[in-house]
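J.: I need the structure of the sequence given here:
(chains A and B)
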Amino acid sequence: MATDPLHQFQIQPVVELPRVAGLDLSLTNSAVYMILAALLATGLLIVGMRNRSLVPTRLQSIAELLYEFVANLVRENAGAEARKYFPFVFSIFIFILFGNLLGMIPGTFTFTSHIIVTFALAATVFLFVTILALVKHGLHFFSFFMPAGTPIALAVIIVPIEVISYLSRPVSLSIRLFANMMAGHTMLKVFAGFTVSMGAALGAAGYAFGLVPVILNVALIGFEILVAFMQAYVFTVLTCIYIRDALELH
Amino acid sequence: MDAEAAKFIGAGLAVTFALAGVGIGLGNIFSNLIAAIGRNPAARNQVFGVGILGFALTEAVALFALLIGFLILFS
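T.: Sure thing, here's the model as predicted:
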């Protein structure tokens, strides 16, 4: 049993597959949980909406709630013409939400706690939004970096600052999600380790005192579930805002 | 002073000032949120969403500082 709090983030192969052209194709624990998240989400939506009753059953209610929540987000934050991008935004929300929540089950692996995964998601959003803006506005896209009403003299300073802040969007998107997940899970592991080390150090009395970190951990787990929802929400809202920036503010 | 000690001091300093700023920022956001809900309880749902967005964005700065602290400590 590893007591190192960072051991939980290790990628381990589940099904060993041979190397092809220098790439290790083994099915890893991260990949298993990604597949599980996608299957669970698809299952929830398909099975939930199977009956399509006017008065929804419990499972259908959950599916409808998720749909309405993201639809409201898109309508409010991305604007009316962004309705056609709803499937993309919904997929991102559901994938991150299920990924975060699956990680809260004890013994599972949180695939959103790896920077490469969150960076892939953020880079997808960034490239999508940039290409959308370039296709819609052509070269006029570059007027985004010069906000309306600024005097030309300040352009030398303002344009580089705007460019840097635009390029930092995928960085901040990915690091926000990754750092929240990694810090949260490390904290849970460290507090759980306190109980073990208290038991080892104080002997019999340690088991009584060891109850305190467990109670703290229960509260922290509740907080981490809240953070799981919130990080998915924030990623999705920012995606919607970037889509609106691409469609309108150029 | 050798590199190890400098790393510890650097990591500590990195997170201290950043977290002070983030604490003030979070307090600001939620105090304004509470004041807005107090003035107009019917606007609660609209204001709450943006308030949570603001909270998460500010929290992200704290996590950037934590990341820099870890980078200083461990590499």
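J.: by contact count, what packs against the helix or strand bottoming out on mean pLDDT in chain A?
T.: Counting by mean pLDDT, DSSP states H and E, the weakest-scoring helix or strand in chain A turns out to be helix A:204-209, with a mean of 78. Where contact means 3 or more C-beta pairs under 8 Å, 6 or more residues apart in numbering or on different chains; DSSP states H and E, helix A:204-209 is packed against helix A:155-202. Placement of C-beta: from N, CA and C, glycine included.
J.: from the contact counts, what lies against the helix it packs on?
T.: By 3+ C-beta pairs under 8 Å, 6+ apart, helix A:155-202 packs against helix A:86-103, helix A:115-137, helix A:204-209, helix A:211-247, helix B:44-74.
J.: would you mind listing what in chain B touches chain A?
T.: Counting by C-beta under 8 Å from any C-beta of the partner chain, the residues of chain B close to chain A are B:49, B:52-53, B:55-57, B:59-60, B:63-64, B:66-67.
J.: give me the phi and psi for residue A:26.
T.: phi -60, psi 150 (degrees, to the nearest 10).
J.: just residue A:105 next, same as before
T.: Torsion angles, degrees, to the nearest 10, at residue A:105: phi -70, psi 130.
J.: can you count the residues close to residue A:6?
T.: Other residues near residue A:6 come to 11 when the count uses other C-beta atoms under 10 Å in any protein chain shown.
J.: now it. Nearest residue, chain neighbours left out?
T.: residue A:186 (6.8 Å; C-beta to C-beta, 6 or more residues apart in numbering or on different chains).
J.: of all the residues in stretch A:66-74, which ones are buried?
T.: A:66-67, A:70, A:73-74 (16 or more other C-beta atoms under 10 Å in any protein chain shown).
J.: ok, and what's touching that stretch?
T.: A:45, A:82-83, A:85-86, A:89-90, A:93-94, A:233, A:236-237, A:240 (C-beta atoms under 8 Å, 6 or more residues apart in numbering or on different chains).
J.: so for the residue nearest to residue A:6, what pLDDT did the model give?
T.: For residue A:186, the pLDDT comes out at 91.
J.: now do the lengthiest helix in chain B against helix B:44-74, angle only.
T.: Criterion DSSP state H: the longest helix present in chain B is helix B:3-39. If you take axes from the mean of the first three to the mean of the last three C-alpha atoms, to 10 degrees, helix B:3-39 sits at 180 degrees to helix B:44-74.
J.: what distance do you get for the residue nearest the centre of chain A to chain B?
T.: By C-alpha atoms, centre = their mean, chain A has its centre lying nearest to residue A:96, at 3.9 Å. According to C-beta to the nearest C-beta, to the nearest Å, residue A:96 and chain B sit 13 Å apart.
J.: turn the contacts of stretch A:66-74 into TSV, columns for neighbour count, distance to residue B:18 and pLDDT.
T.: Listed next are these as TSV, based on neighbours: other C-beta atoms under 10 Å in any protein chain shown; distance: C-beta to C-beta, whole Å; pLDDT from 0 to 100:
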residue	neighbour count	distance to residue B:18	pLDDT
A:45	19	41	92
A:82	20	34	91
A:83	11	39	92
A:85	19	35	94
A:86	17	37	95
A:89	23	31	96
A:90	20	34	96
A:93	23	29	96
A:94	22	32	96
A:233	20	24	94
A:236	24	26	96
A:237	23	24	95
A:240	24	28	95
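J.: and the pLDDT at residue A:194?
T.: 84.
J.: next, the contact list for it, please.
T.: A:210, A:213.
J.: repeat for residue A:60
T.: Contacts of residue A:60 by C-beta under 8 Å, 6+ apart are A:48-49, A:51-53.
J.: residue 43: neighbouring residues, count only.
T.: With no chain named, the answer covers chain A. 11.
J.: to clarify, I was referring to chain B.
T.: Counted with other C-beta under 10 Å, residue B:43 comes out at 11.
J.: now the nearest residue to it once chain neighbours are set aside: how far from residue B:25?
T.: Once flanking residues are discounted, residue B:43 sits nearest to residue B:36: 6.7 Å by C-beta to C-beta, 6+ apart. Distance check for residue B:36 against residue B:25: by C-beta to C-beta, to the nearest Å, it reads 17 Å.
J.: same thing with residue A:14?
T.: Taking C-beta to C-beta, one finds residue A:14 at 42 Å from residue B:25.
J.: the more surrounded of those two?
T.: Legend: neighbour count by other C-beta under 10 Å for residue A:14 and residue B:25, higher for residue B:25 (17 against 13).
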